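Participant: everything below, folded, please.
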Amino acid sequence: MRRNEGFSLLEVLIAIAIVGGLLVAIINLVNYHLSVIDRYQTLSVASMLGMEKLHELKAAPVKEEGHFPKPYQDYSYKSSIVNSPMPFLNELVLKVWKGRDETDLKIFVAK
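Facilitator: Numbering: from 1, shown residues only. All right, here's what the predicted structure looks like:
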């Protein structure tokens, strides 16, 4: 009498299909999280560069635009001065961006 031990071809194919589906899902999940990490890193750098530029502009608020020096030449900025509801203050707005990611920073300065 012969005993059938081991897996049939159908069982092996089903197992490979399940493992393949899981691998695709895991790869997509990792790729998504890597893109989120990259975006938050870009926004963090943009915020820090923007805060430094705001402190420079706070002494003499002017409308200005340009790029940051190396190694951050991919980051651009544009400042503007907006009248605030308070008669003795202006709002200094600085927009910093790299590609599609951007952040706005605002402070109040005396007129």
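Participant: for the rest of this, base every contact and every neighbour count on C-alpha atoms.
Facilitator: Noted.
Participant: from the centroid of this protein, which residue is nearest?
Facilitator: Nearest to the mean C-alpha position of the chain, by Cα atoms, centre = their mean, lies R39 at 2.1 Å.
Participant: and the helix or strand where that one lies, what other elements does it pack with?
Facilitator: Element membership for R39, per DSSP states H and E: helix 9-59. For helix 9-59, the packing partners by 3 or more Cα pairs under 8 Å, 6 or more residues apart in numbering; DSSP states H and E come out as strand 89-98, strand 101-110.
Participant: any idea which of the ones you listed gets closest to L34?
Facilitator: Nearest of those to L34, taken as Cα to Cα: strand 101-110 at 15.2 Å.
Participant: could you name the helices and strands sitting against that closest one?
Facilitator: helix 9-59, strand 89-98.
Participant: buried stuff in the shortest one?
Facilitator: Of all the residues in strand 89-98, those buried under the rule 16 or more other Cα atoms under 10 Å are 90-98.
Participant: the helix holding R39 to strand 101-110, inter-axis angle?
Facilitator: 20 degrees (axes from the mean of the first three to the mean of the last three Cα atoms, to 10 degrees).
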